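# just coords:
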């Protein structure tokens, strides 16, 4: 059950999730407005992701000595300002720079927010508290992204970013009103923080995320043409089916938290990653029936969110005193997964294969993630082998 203390973190996730994913549905509108091609407009997605990767460690390193509440408010102020400027950008190149800057606070917000959620949680409920924060991301895909995409398509894509900045303002006020004051989290020096991320343990978890989770992005990046060209749905049906995927994400978010609190996170991650392999294979083989496509789309939505929480818990437990930086690096890794999934998933399409082939590529990536989880589990039983 969502508590008032965790609600501001969920609202932040809602705002961040909306700005991250809404651009995907508005690429044709942005391209037409700025007189650029759709592939050029797609670089705006990469620019935001690059901002997440760069900003996550830098802003966390800067903010660790400050109270988490003030840090989260400051990060959301940055987020709000640059999303508002996105709505006012006069040309493609300025929008590219602004989207990079808008991505900077993304990873840091979830990095700090994850540690705050754990501190606010009751004993044995830490994973569910993290899931509560990430419920904002699930809600974004269920409701806000389709709604804002509709507004942006029928009125102006600039209004879409205006709505995102409004969500940022609401988050700022909710953080101020409801998030408790927490003392700065004791952390090692930046040198020690970064030293942890050179260990095999940290690199393995990052690889699990970037490669394994990238499997779902291989499917998700091409879901619209998959639904119309392979599934046989009309273009007007796509937005409604996306809501179905979003509903799966809401279910998956709570499933991941539930499993991670009741079994070892590495076991939960392994079960969910293997399930991801199987469902992506099913997408490839059972795309000729509309009912099966709808069921599989919901299932992929479930797994897209459920696997995130146990992997985050794995990193937090491994990072120990570097938890905040660990959570921030996880967000950077998820964005790397986004880029890798889209890239590798698109390779079959370059060679003229059908739009269900990206899911087969995704299944292979998820299988690599599953193997890496098995390796992590084996080495965690012998800590000296994974330093």
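All right, it came through fine. Source: prediction; values computed, not measured. Numbering: from 1, shown residues only.
# if I pick the residue nearest the centre of the chain, what's in contact with it?
Centroid-nearest residue in the chain, with Cα atoms, centre = their mean: residue 334, separated by 5.7 Å. Applying Cβ atoms under 8 Å, 6 or more residues apart in numbering to residue 334 gives the contacts 209, 213, 308. C-beta here means a position set from N, CA and C on the backbone, and glycine is covered the same way.
# please name whichever of those scores lowest on pLDDT.
Among the contacts of residue 334, residue 308 has the lowest pLDDT, at 84.
# gap between that one and residue 22?
Distance from residue 308 to residue 22, counting by Cβ to Cβ, to the nearest Å: 20 Å.
# which of those two has more residues huddled nearby?
residue 308 (27 against 24; other Cβ atoms under 10 Å).
# how about the more buried one, what does it touch?
Residue 308 touches 134, 213, 253, 256, 334, counting by Cβ under 8 Å, 6+ apart.
# save the contacts of residue 334 as a markdown table, and put in distance to residue 345 and secondary structure too.
Below are these laid out as a markdown table (distance: Cβ to Cβ, whole Å; DSSP: H, G, I helix; E, B strand; the rest coil):
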| residue | distance to residue 345 | secondary structure |
| --- | --- | --- |
| 209 | 17 | helix |
| 213 | 13 | coil |
| 308 | 19 | helix |
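# now render those as CSV, adding distance to residue 122.
Converted to CSV, the contacts of residue 334 look like this (distance: Cβ to Cβ, whole Å):
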residue, distance to residue 122
209, 27
213, 28
308, 21
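# now, which of those residues sits nearest residue 376?
Residue 376 has its nearest neighbour among the contacts of residue 334 in residue 209, at 11.5 Å by Cβ to Cβ.
# my guess is that closest one contacts residue 307. True?
No - between residue 209 and residue 307 there is no contact under Cβ atoms under 8 Å: 9.1 Å.
# what pLDDT is listed against the closest residue to residue 31 other than its chain neighbours?
Distance criterion Cβ to Cβ, 6 or more residues apart in numbering; nearest residue to residue 31, sequence neighbours excluded, is residue 41 at 4.1 Å. pLDDT recorded at residue 41 is 82.
# and the helix or strand containing residue 41, how far from the chain's centre?
Per DSSP states H and E, residue 41 falls inside helix 38-63. The chain centroid and the centroid of helix 38-63 are separated by 13 Å under Cα atoms, centre = their mean, to the nearest Å.
# again, but for stretch 271-282
With Cα atoms, centre = their mean as the basis, stretch 271-282 stands 18 Å off its chain's centre.
# list the buried ones in it?
Of the residues in stretch 271-282, 271, 272, 273, 274, 275, 276, 277, 279, 280, 281, 282 count as buried by neighbour count, 16 or more other Cβ atoms under 10 Å.
# contacts for it next, please.
In contact with stretch 271-282 (Cβ under 8 Å, 6+ apart) are residues 208, 212, 215-216, 218-219, 256, 259, 292, 296, 299-300, 303, 306-307, 310, 359-360, 362-363, 366-367, 369-370, 373.
# can you tell me which of these are buried?
Going by neighbour count (16+ other Cβ under 10 Å), these have 208, 212, 215-216, 218-219, 256, 259, 296, 299-300, 303, 306-307, 310, 359-360, 362-363, 366-367, 369-370, 373 buried.
# excluding its backbone neighbours, what's nearest residue 203?
Looking at residue 203 with Cβ to Cβ, 6+ apart, the closest residue is residue 197, at 7.3 Å.
# leaving out the residues flanking it, which one is nearest to residue 314?
residue 265 (4.9 Å).
# hmm, I was thinking of residue 251
Among residues not flanking residue 251 along the chain, residue 302 sits closest, at 5.3 Å (Cβ to Cβ, 6+ apart).
# repeat for residue 30
residue 41 (4.8 Å).
# what is the burial count for the one you found?
Residue 41, neighbours per other Cβ under 10 Å, totals 23.
# wouldn't it be in contact with residue 34 here?
Yes - between residue 41 and residue 34 there is a contact under Cβ under 8 Å: 7.4 Å.
# residue 244 and residue 303, how far apart?
Noted for residue 244: a distance of 14 Å to residue 303, by Cβ to Cβ.
# the residue nearest to residue 314 touches residue 127, doesn't it?
Yes - counting by Cβ under 8 Å, residue 265 does reach residue 127; the two are 7.2 Å apart.
# of the two, which one has the most company?
Under the criterion of other Cβ under 10 Å, the comparison of residue 265 against residue 127 puts residue 127 first, with 25 against 22.
# list the contacts of whichever strand or helix holds that one.
Following DSSP H and E, one finds residue 127 within helix 126-139. The contact list for helix 126-139 (Cβ under 8 Å, 6+ apart) reads 2-3, 6, 9-17, 110, 113-114, 117-118, 120-121, 246, 249-250, 252-254, 256-261, 265, 305, 308-310, 312-313.
# hmm, 7 Å instead?
For helix 126-139, contacts defined as Cβ atoms under 7 Å, 6 or more residues apart in numbering pick out 2, 6, 9-14, 17, 113-114, 117-118, 120-121, 246, 249-250, 253-254, 256-258, 260-261, 305, 308-309, 312-313.
# I'd like the next helix or strand past the strand or helix carrying residue 276.
Using DSSP H and E, residue 276 maps to helix 265-285. Using DSSP H and E, the helix or strand that follows helix 265-285 towards the C-terminus is helix 290-306.
# for that next one, packing partners?
With contacts taken as 3 or more Cβ pairs under 7 Å, 6 or more residues apart in numbering; DSSP states H and E, helix 290-306 sits against helix 214-220, helix 235-262, helix 265-285.
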